[in-house]
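A.B. asks: Structure, please.
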Amino acid sequence: MAMTNINIRTDVEVKARAQALFAQLGLDMTTAINMFLRQSVRQQALPLEFTLGDDREETLAQSLADLDSGISGLSLDEFDQFMKNAILSGRATGV
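C.D. replies: Below you'll find the model as predicted:
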């Protein structure tokens, strides 16, 4: 397979933090970027989730409120449909 180089510019701190993260995962920067590129091509999309912040606490609170409102009494089919709807609406992400 023929190889090519890519040059990118990024913030010094972002690079250092990314390298530290990748090292913890047993990766170097080149491998991590290649994984991103291959996954982008494979999915024909950016393999990223864009959010406006960390809403895990809100999601957990909503899940607990849903349980209190009677979800615990659902049949397996009803629960399955509830979860599909929650995933489609984005309520089940970040848990």
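A.B. asks: who does the strand or helix carrying Asp80 touch, helix- and strand-wise?
C.D. replies: According to DSSP states H and E, Asp80 maps onto helix 76-89. With contacts defined as 3 or more C-beta pairs under 8 Å, 6 or more residues apart in numbering; DSSP states H and E, helix 76-89 has no helix or strand neighbours. All C-beta spots, glycine's among them, are computed from the backbone N, C-alpha and C.
A.B. asks: tell me the mean pLDDT over it?
C.D. replies: Taken as a whole, helix 76-89 has an average pLDDT of 76.
A.B. asks: count of neighbours near Phe22?
C.D. replies: Counted with other C-beta atoms under 10 Å, the neighbours of Phe22 add up to 17.
A.B. asks: hang on, it packs against Ala32?
C.D. replies: Yes: between Phe22 and Ala32 a contact is recorded at 4.7 Å, counting by C-beta atoms under 8 Å.
A.B. asks: ok so, going back, mind checking how far the helix holding Asp80 is from the chain centre?
C.D. replies: For helix 76-89, the distance between its averaged C-alpha position and the chain's averaged C-alpha position is 19 Å (C-alpha atoms, centre = their mean, to the nearest Å).
A.B. asks: how about the CA coordinates for it, as CSV?
C.D. replies: Provided in CSV are the C-alpha atoms of helix 76-89 (Å, rounded to 0.1, in the frame of the first residue of the first chain):
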residue,chain,number,x,y,z
LEU,A,76,-40.4,-6.4,27.5
ASP,A,77,-41.8,-5.4,24.1
GLU,A,78,-42.9,-2.0,25.5
PHE,A,79,-39.5,-1.5,27.2
ASP,A,80,-37.7,-2.4,24.0
GLN,A,81,-39.8,0.2,22.1
PHE,A,82,-39.2,2.8,24.8
MET,A,83,-35.5,2.3,24.6
LYS,A,84,-35.5,2.5,20.8
ASN,A,85,-37.5,5.8,21.1
ALA,A,86,-35.1,7.1,23.7
ILE,A,87,-32.1,6.3,21.6
LEU,A,88,-33.6,8.0,18.5
SER,A,89,-34.5,11.1,20.5
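A.B. asks: For that helix, list every residue counted as buried.
C.D. replies: For helix 76-89, a neighbour-count test (16 or more other C-beta atoms under 10 Å) marks Ala86 as buried.
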